[in-house]
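K.L.:
Here is my input; please provide its structure:
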Amino acid sequence: MSSNIKGSIIGFAGMILALFTHMIIKDLTKEVDFLITIFARFCFSLPLLFLFVYVARKKSFLQVNNWKNVLLRSFFGIITMTSVFLSLQLIPIGLVTALAQSSAIFVTLLAPFFLQEKIGIYRWTAVLIGLFGVYMMTNPLSLINGTSNLSPLGVSLATFSAISHAGLALTMRKLGQTEHPTTTAFIHNVITSLLVIILIILFGSKFLGIKGEHGIEVIFSLNNVLYTLLTLGIIGSFIQYFMATSYKYAEATILVTIRYLAIPLAVIFGYIIWKETLNINQIFGGVLILTSCVLITFREIKSKTTEI
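P.N.:
Model prediction:
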């Protein structure tokens, strides 16, 4: 088996697990308080993540060279995940996925200011195509005048998640030069877990998001809901591992193509499981976002290859 095929299989598995995570979170909306879901996603993933990072780095598993950027990575990561998970409670999963994937557009917009990167006409054109796609999917005028059948808060959160994920991506570009990815992933999960625990202690589990039937007591009960939450955490640890490992084997162009498959798959699963549908404008907007992100990513990879 070639390294590209091996890396593609691992990358595809990571993408499917990430999508499956979103489906679980959406399905738990009425079952469990939002903060409990976040707690499970991050806290229950820590044992396996610790194992992965310790095997990879042994005694230097917590060695960090730039704590400022590591903490900044966690800051953007927490905002992004919270925005995505909250939006999943309010709008179709296909719409959330397409808007969240548009982060590549905002990375290109922000790169000249934060990384001093020069952006050519090719990528600027792709950005304009992507922004028009975001406009088509969200239809902000209908949200403002109240004629949209979508939750304005849900659409705003999904769009904001793309912007915050752009900040996360720019930070991780810097971290890639100094830090090991499994270490930063483990530290991010520890920080998020501690923050959620503090919020639950201070304000209770119903402090944020849609209130579910179960609160903190579900953590201490042996039932199907707890098993689902444990599964959520375990899947989260494997997502981190698969995504980091896939880039060791496969070319970035292949993995990017696989990553964007999440958009049509999310639309399909959303229809099958929750009977969620997108109108023609939203579908067209999703196609524009997908096209824009692929063009931006391939152009960026090509420019880096040329520099080398």
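K.L.:
Any idea which helix or strand in this structure has the lowest mean pLDDT?
P.N.:
Taking mean pLDDT, DSSP states H and E as the measure, helix 252-259 is the helix or strand of the chain with the lowest mean score, a mean of 71.
K.L.:
Identify the residue nearest residue 170 in space, chain neighbours excluded?
P.N.:
Excluding its sequence neighbours, the residue lying closest to residue 170 (C-beta to C-beta, 6 or more residues apart in numbering) is residue 114, at 5.2 Å. Using the backbone N, CA and C atoms, a C-beta is placed for each residue, glycine as well.
K.L.:
I'd like the distance between that neighbour and residue 168.
P.N.:
12 Å (C-beta to C-beta, to the nearest Å).
K.L.:
Over to residue 266?
P.N.:
From residue 266 across to residue 168, the span is 20 Å (C-beta to C-beta).
K.L.:
Could you point out the longest helix of the chain?
P.N.:
Once the chain is assigned using DSSP state H, the helix that runs over the most residues is helix 280-307.
K.L.:
in it, what counts as buried?
P.N.:
In terms of neighbour count (16 or more other C-beta atoms under 10 Å), helix 280-307 has its buried residues at 282-283, 285-290, 292-300, 303.
K.L.:
that older thread, tell me which of residue 114 and residue 168 has more neighbours.
P.N.:
Neighbours were counted for residue 114 and for residue 168 using other C-beta atoms under 10 Å; residue 168 has more, 24 against 14.
K.L.:
Which of the helices or strands spans that one?
P.N.:
Per DSSP states H and E, residue 168 falls inside helix 152-175.
K.L.:
Next, the angle from that helix to helix 280-307.
P.N.:
10 degrees (axes from the mean of the first three to the mean of the last three C-alpha atoms, to 10 degrees).
K.L.:
ok, and for helix 152-175, which residues are buried?
P.N.:
By neighbour count, and taking 16+ other C-beta under 10 Å as the criterion, the buried residues in helix 152-175 are 152, 154-172, 174-175.
K.L.:
swap in stretch 247-264?
P.N.:
Residues of stretch 247-264 classed as buried under the neighbour-count rule (16+ other C-beta under 10 Å) are 249-250, 252, 254-256, 258-260, 262-264.
K.L.:
would you list every one of the helices in the stretch 101-250 of the chain?
P.N.:
With DSSP state H, counting those that start in this stretch, the ranges of helices along the stretch 101-250 of the chain come out as 103-114, 121-138, 140-145, 152-175, 181-203, 224-249.
K.L.:
doesn't residue 128 make contact with residue 296?
P.N.:
No - Residue 296 is beyond contact range of residue 128, at 11.2 Å (criterion: C-beta atoms under 8 Å).
K.L.:
roughly how far apart are the most centrally placed residue in the chain and residue 28?
P.N.:
Compute the mean C-alpha point of the chain, and by C-alpha atoms, centre = their mean the closest residue is residue 81, 6.1 Å away. Distance, residue 81 to residue 28, using C-beta to C-beta: 15 Å.
K.L.:
And residue 209, by the same measure?
P.N.:
Taking C-beta to C-beta, one finds residue 209 at 11 Å from residue 28.
K.L.:
okay, the two: which has more neighbours?
P.N.:
Per other C-beta under 10 Å, whichever of residue 209 and residue 28 has more neighbours is residue 28, with 24 against 21.
K.L.:
can you pull the contacts of the more buried one?
P.N.:
Residue 28 is in contact with 37, 212, 225, 228-229, counting by C-beta atoms under 8 Å, 6 or more residues apart in numbering.
K.L.:
re the thing from before, state the helix or strand in which the residue nearest to the centre of the chain lies.
P.N.:
Secondary structure assignment for residue 81, by DSSP H and E: helix 67-88.
K.L.:
tell me what that helix is packed against?
P.N.:
For helix 67-88, the packing partners by 3 or more C-beta pairs under 8 Å, 6 or more residues apart in numbering; DSSP states H and E come out as helix 3-27, helix 34-43, helix 93-101, helix 152-175, helix 181-203.
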